[in-house]
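> quick one, fold the following:
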Amino acid sequence: MDKPVSHLWAKRGLYVALAVLVVFLHLLPLDTKPGRWPFPEILIALTYAWVLRRPEYVPILTVAIVMLMADLLLQRPPGLLAALVVLGAAYLRSAAPGMRDTGFMGEWTTIAAVIAAVFMLNHIILAFLSVQQATLGPVVIQVVLTTAIYPVIALLSQSAFGVRRKSAADSGTAGVRT
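Numbers count the residues shown, from 1 in each chain. Reported below is the predicted structural model:
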């Protein structure tokens with residue numbers, strides 16, 4: 001196996017390992033009392049950071065399996081949030097080439113809009129189906145916290161795990177007219 005292919009599979013395995021670690025840490029009983037603030041969705045922020053920076057590291061099928069596993073283990077309605085995150089990831093995957101020239105604020109704004117859309121659609125669909133859920137206040141706080149944690153996740157992904165945006169030289173489109 002050549003180096004680029006093994007590197008690609010190593011990054012895919014790293015994403016799955018990080019996802020398992022995030023779910024494991026979320027399941028640990030660190031405190032028996034309920035928290036005052038909802039916990040940010042680190043797994044969604046991690047997925048979107050990787051999809052926006054290097055879509056080939058995070059295939060859509062992998063995102064679907066990881067998010068469905070998280071839904072089942074965290075006792076959420078199975079498949080709904082996973083499907084919404086997959087739709088958000090597919091949108092970000094299609095928007096990634098055009099966002100190469102935007103700065104981090106443009107990336108963060110796009111991520112914030114996608115995260116807000118995912119959480120609000122989840123809340124609306126669950127309300128439409130009459131599923132008992134938290135009020136809108138904690139959902140809004142979770143959206144804000146997830147959006148606020150995104151720069152830390154992106155910085156950690158870039159510095160610790162080497163998940164950087166593709167440059168024009170990396171993509172092989174340097175000097176090519178489209």
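
> going by C-alpha atoms from here, please, whenever you check contacts or count neighbours.
Will do.

> in this structure, where is pLDDT below threshold?
Residue ranges of the chain with pLDDT under 70: 1-2, 34-35, 167-178.

> and the helices in it?
Secondary structure of the chain (DSSP state H): helices at 3-27, 42-53, 60-73, 80-95, 104-128, 136-159, 168-171.

> distance of Pro55 from Gln75?
According to CA to CA, to the nearest Å, Pro55 and Gln75 sit 28 Å apart.

> so for these two, which sits in the more crowded spot?
Using other CA atoms under 10 Å, the more surrounded residue of Pro55 and Gln75 is Pro55, with 22 against 9.

> excluding chain neighbours, what is closest to that one?
Spatial nearest neighbour of Pro55, chain neighbours left out: Arg93 (6.0 Å); criterion: CA to CA, 6 or more residues apart in numbering.

> ok, now which ones touch the one you found?
By CA atoms under 8 Å, 6 or more residues apart in numbering, the residues touching Arg93 are Val51, Leu52, Pro55.

> and the first one, how many neighbours?
The burial metric for Val51, expressed as a neighbour count using other CA under 10 Å, is 26.

> which residues does it contact?
Counting by CA under 8 Å, 6+ apart, Val51 has contacts Tyr57, Val58, Ala89, Leu92, Arg93, Ala96.

> gap between it and Ile141?
Distance, Val51 to Ile141, by CA to CA: 24 Å.

> what does the second one give?
With the distance defined as CA to CA, Leu52 ends up 24 Å from Ile141.

> higher neighbour count, these two?
Per other CA under 10 Å, whichever of Leu52 and Ile141 has more neighbours is Leu52, with 29 against 15.
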